[in-house]
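Asker: here is my input, please return the structure:
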Amino acid sequence: MSAPVARRTVDGEIIEWVVPPARAVALGLEPHPEGGWYRRTWTAGAAVATDRGERPAATLIYFLLPPGEASAWHVVASDELWLWHGPDPLLLQLGGSGPAPLAGEVIALGPREEAGERAQALVPAGVWQRTLPSDGETLVSCVVSPGFSFDDFRLGEEHNP
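Answerer: Reported below is the predicted structural model:
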């Protein structure tokens, strides 16, 4: 069993101590402030100007949700494309683009198209999103364009210290 690691806020304050699941250790993932585990795997070499400053044209992360975990409501200032890898389905809920999230459409990412699941989904810039807990483990990749910066990320109020 791995030693506990700190899940931190964007500002570096410790939220909680968590034990990394085996797949997080194998992939070199760290706890994400919103929940789950992540690691940036690619940053585009080209940069683009945004109203928030210069950003990479795109970034890519692994994002792992172990059984029972979910991500908190959060909003990103860029488009985010979710790419499902499995093994289990993931439920991604959208919450509108208002000042606070309102539970809305649930998108099922997974292998069973006949059951309404799909392998990828787009969350438009400025739309609240969260994942819902499940009994299984899910690995996805998330492409953000223009590239992700924690300066462009906001958690729902109930998760701000």
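Asker: count the neighbours of the nearest residue to residue 129 once chain neighbours are set aside for me.
Answerer: Excluding its sequence neighbours, the residue lying closest to residue 129 (C-beta to C-beta, 6 or more residues apart in numbering) is residue 123, at 4.9 Å. (Glycine included, C-beta is placed from N, CA and C.) Residues near residue 123, counting by other C-beta atoms under 10 Å, number 21.
Asker: my understanding was that residue 123 contacts residue 95; is that so?
Answerer: No - judged on C-beta atoms under 8 Å, residue 123 makes no contact with residue 95 at a distance of 9.9 Å.
Asker: quick check: neighbours shared by the two?
Answerer: Shared contacts of residue 123 and residue 95, defined by C-beta atoms under 8 Å, 6 or more residues apart in numbering, comprise residue 129.
Asker: contacting residues for residue 64?
Answerer: Residue 64 makes contact with 21, 23-24, 27, 29, 36-38, 137-140 under the criterion C-beta under 8 Å, 6+ apart.
Asker: what pairs with it across the strands?
Answerer: Beta bridges link residue 64 to residue 37, residue 139, judged by DSSP bridges.
Asker: please read off the pLDDT at it from the model.
Answerer: In this prediction, residue 64 carries a pLDDT score of 98.
Asker: contact partners for the residue nearest to the spatial centre of the chain?
Answerer: For the chain, residue 63 is the residue whose C-alpha lies nearest the centre (C-alpha atoms, centre = their mean; 6.0 Å). Going by C-beta under 8 Å, 6+ apart, residue 63 touches 32, 36-38, 139-142.
Asker: let's see it at 10 Å
Answerer: Neighbouring residues of residue 63 by C-beta atoms under 10 Å, 6 or more residues apart in numbering: 29, 32, 34-39, 71, 82-83, 85, 90, 131, 138-142.
Asker: which of these are buried?
Answerer: Buried members of those, scored by 16 or more other C-beta atoms under 10 Å, are 29, 32, 34-38, 71, 82, 90, 131, 138-142.
Asker: returning to that earlier point: hmm, the residue nearest to residue 129 is touching residue 71, no?
Answerer: No - assessed by C-beta atoms under 10 Å, residue 123 is found out of contact with residue 71, at 11.6 Å.
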